[in-house]
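>>> need a structure here:
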Amino acid sequence: MVCEEIKLEQPLFYNNTFGLRFEIGPAEVDIWTDFDKGILNKEYFNVAFARAVSIFESAFSPDDDISIAYQIFSHGRNKIRKGNFLFKQVSNIKNRNIKFTKHREIYSQDLYGKLMCLRRVTIPNLKVKDVNSKNILLALINTDFGSMRQPSLRGECFFINHTKGLVLLLYDDRGMDIVALKKDVLQKLYKSHNAWILDYDREKIDRLFS
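Numbering: from 1, shown residues only. This is a model prediction of the structure:
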């Protein structure tokens, strides 16, 4: 199943009809062991990583057909280069049909009012087992702490599951969105990982899936 009807824009959860939004970084655990000294709390990141992996592995099976869409906002100079961390997590990357595109219709403004266009790279025709998903998830969790935690990966990385008709986005250490073309695709995930649903959106999600 293709996922062309799913809109690959943040916030993914709010831009699509059927979705789940999970709390990845545990609210009950401090990010910092000592903020003044710049010491991060390893427990927070360990829990966040364990949650992200658990949800991913529940939503994706090793033989599922997937694509990865990775994108960054750019003033024009910033590009997604072939040495990017993401490419190193895909097996046989040199023989993959990698598609680089620029999307001027999707843009944002920085703090100075400058327009930034979206640069996207899509890696199609993958199996889940072709990708080191754990490394990518870890790097996305570390994205806001790149100077203190590695690996890190800035930007947005969409895992597109064509077999199941869903898309997963771990947007940073705080949360993860999963959306689908059909509600029943997410029903099992809603039940199995209900405790991690983000409280802010729980009422909306419960109304949809209960």
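>>> gap between the host helix or strand of Leu118 and the chain center?
Secondary-structure assignment from DSSP states H and E places Leu118 in strand 115-127. Centroid separation for strand 115-127 versus its chain: 13 Å, with C-alpha atoms, centre = their mean, to the nearest Å.
>>> for stretch 66-77, same thing?
With C-alpha atoms, centre = their mean, you get 12 Å for stretch 66-77.
>>> one more: stretch 134-148?
That offset, for stretch 134-148, works out to 11 Å (C-alpha atoms, centre = their mean).
>>> what about the longest helix in the protein?
helix 42-59 (DSSP state H).
>>> what's the helix or strand containing Phe22 in contact with?
In this assignment (DSSP H and E), Phe22 forms part of strand 18-23. For strand 18-23, contacts defined as C-beta atoms under 8 Å, 6 or more residues apart in numbering pick out 12-13, 51, 55, 174-183, 185-186, 189-190, 193, 196-201, 205, 208-209. C-beta coordinates here come from the backbone N, C-alpha and C atoms, glycine included.
>>> before we move on, the earlier item: which SSE is immediately downstream of the longest helix of the chain?
Helix 42-59 is succeeded, C-terminally, by strand 65-74 (DSSP H and E).
>>> could you pull out the strands for the chain?
18-23, 32-34, 39-40, 65-74, 99-109, 115-127, 156-161, 166-170, 175-180 (DSSP state E).
>>> can I get those in a markdown table with distance to Asn84?
Converted to a markdown table, those look like this (distance: least, C-beta to C-beta, whole Å):
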| stretch | distance to Asn84 |
| --- | --- |
| strand 18-23 | 26 |
| strand 32-34 | 29 |
| strand 39-40 | 24 |
| strand 65-74 | 8 |
| strand 99-109 | 11 |
| strand 115-127 | 8 |
| strand 156-161 | 11 |
| strand 166-170 | 17 |
| strand 175-180 | 21 |
